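Asks: got a sequence here, can you build the structure:
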Amino acid sequence: MAVTDLWVKRDGTPSKRYGVGLRYRVSLPGHPSQAFRVKAAAKAHEAKLLTQGPTKPAAETSVGELLPKWLAGKGYLSPGAHSVVVAGAARVRDRWGGVMVDQVFSHEVQEWISGITVERDGERVPASRDTMSKTLGALRGTLDIAVTLGLIDSNPCVGVKLKRAERRDARFLSVKEVRTLAGKADGDGRPMVWLLATTGVRVGECCRLDVGDIDAKRRRLRVRKSKNGEARDVPIPASVLAMLDLSREKGSPLFASKLGKRVEVRNWRRRVFAPAAEAAGFTDLHVHDLRHTAASLMIRSGATPKDVQKALGHKSASMTLDLYAGWWDDALDGVSNRMEKLLD
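Replies: Here you go, the predicted model:
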């Protein structure tokens, strides 16, 4: 019998505990015993445990067993975001996969996350704060499941600190500098550099473009799924449009490798962009700087904050202003000059 009356013996006579403490105890294999004051509460708890089945002891449940459950809940992410999550989960699996959930301690997590490195240009370098955050999030989410299942009382990742983000000033290239950079790029690198520097699409979005995403008549490209999950149309300058090979089937990748496969972000950055930037003499130039460059060129061409927001795919115009307000400040000089002409 799972529910035992601690106050009464089997023969119906009062026990030594009669009238002292909680009266009804629930005992089921695979679950810790628990006592209740009233029988109804004990019976309800018994029914709940019978429905759940025996709980696996914490000492027999590893982080690696729960990690796939956490990953399964990330299917809604965009391909790019999901790949980042998978990379973070892989780091967790490498370090904690075989560790039982009740053997993960905060001080060890802190030491591990502070020492994470990534491979860059053939050598190991300290990971960025964003990489650390995504990796810690994978472990924290997995251990949240362990807490929900009652395998551990609290999440040891709570309170673990990350290093401060190193803010880097955005770099804006002039048209002449973009021309120099594109001229140093091999193969399809030239038109891709120009497309990135004039439309502001993210490099991941650019690599996912198909020939059919380009509307030559309207001079627009269609980003079907962006970082925030929304599609958008982006204008393309006619000179850049002329660089694109649109004679192939609509389902073909807009930018392909020499083997005809879709260009992969990491490979393009390492094999095309980095060598071109070095050859052009642009130290510490990032691919994302081409997106900043596109924004500056749009503003110099007279685009409003709303225009730039739509082209870049920002959630709000305020975000666009926070990033590029200085460029509109410079543009105000032109406004005052044009107004002065009206007053003459």
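Asks: quick check, residue 233 in a helix?
Replies: No. Assessed with DSSP: H, G, I helix; E, B strand; the rest coil, residue 233 is strand; it does not lie in a helix.
Asks: just give the nearest non-adjacent residue to it, would you?
Replies: residue 220 (4.7 Å; C-beta to C-beta, 6 or more residues apart in numbering). Where you see a C-beta, it was placed from the backbone N, CA and C, and this is true even at glycine.
Asks: next one: the one you found from residue 236, what distance?
Replies: Residue 220 sits 7 Å away from residue 236, taking C-beta to C-beta, to the nearest Å as the criterion.
Asks: identify the contacts common to these two.
Replies: By C-beta atoms under 8 Å, 6 or more residues apart in numbering, residue 220 and residue 236 have these common neighbours: residue 214.
Asks: for the residue nearest to the spatial centre of the chain, pull up the helix or strand it's in.
Replies: Note on the chain: the residue nearest the mean C-alpha position is residue 81, at 4.3 Å, using C-alpha atoms, centre = their mean. Following DSSP states H and E, one finds residue 81 within helix 79-96.
Asks: that helix packs against which elements?
Replies: helix 63-72, helix 129-148 (3 or more C-beta pairs under 8 Å, 6 or more residues apart in numbering; DSSP states H and E).
Asks: closest to residue 10 out of those helices?
Replies: Nearest of these to residue 10, taken as C-beta to C-beta: helix 129-148 at 38.3 Å.
Asks: give me the number of residues near residue 21?
Replies: For residue 21, the count of nearby residues is 10 (other C-beta atoms under 10 Å).
Asks: likewise for residue 216?
Replies: 13.
Asks: which ones are touching the closest residue to residue 191 other than its chain neighbours?
Replies: With C-beta to C-beta, 6+ apart as the criterion, residue 191 has its nearest non-adjacent residue at 3.8 Å, and that residue is residue 243. Contact partners of residue 243, counting by C-beta under 8 Å, 6+ apart, are 190-191, 194-195.
Asks: show me which of those residues is closest to residue 75.
Replies: Checking those against residue 75 with C-beta to C-beta, the nearest one is residue 195 at 30.1 Å.
Asks: helix or strand for the nearest residue to the closest one once chain neighbours are set aside, just tell me which one.
Replies: Distances taken as C-beta to C-beta, 6+ apart put residue 240 closest to residue 195, at 5.8 Å, once the chain neighbours are dropped. For residue 240, the host element (DSSP H and E) is helix 238-241.
Asks: which strands and helices sit next to that helix?
Replies: Judged by 3+ C-beta pairs under 8 Å, 6+ apart, the packing partners of helix 238-241 are helix 189-199.
Asks: from the contact counts, what lies against the helix it packs on?
Replies: Using 3+ C-beta pairs under 8 Å, 6+ apart: helix 189-199 touches helix 175-184, helix 203-207, helix 238-241, helix 288-300.
Asks: pull it out as PDB, backbone CA atoms only.
Replies: Provided in PDB are the C-alpha atoms of helix 189-199 (Å, rounded to 0.1, in the frame of the first residue of the first chain):
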ATOM      1  CA  GLY A 189      34.200  37.900 -54.400                       C
ATOM      2  CA  ARG A 190      34.000  41.200 -56.300                       C
ATOM      3  CA  PRO A 191      30.200  41.300 -56.900                       C
ATOM      4  CA  MET A 192      29.500  39.900 -53.400                       C
ATOM      5  CA  VAL A 193      31.600  42.700 -51.800                       C
ATOM      6  CA  TRP A 194      29.700  45.300 -53.800                       C
ATOM      7  CA  LEU A 195      26.300  43.800 -52.900                       C
ATOM      8  CA  LEU A 196      27.200  43.700 -49.200                       C
ATOM      9  CA  ALA A 197      28.500  47.300 -49.300                       C
ATOM     10  CA  THR A 198      25.600  48.800 -51.100                       C
ATOM     11  CA  THR A 199      22.500  46.900 -49.900                       C
END
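Asks: angle of it against helix 175-184?
Replies: In terms of direction (axes from the mean of the first three to the mean of the last three C-alpha atoms, to 10 degrees), helix 189-199 departs from helix 175-184 by 150 degrees.
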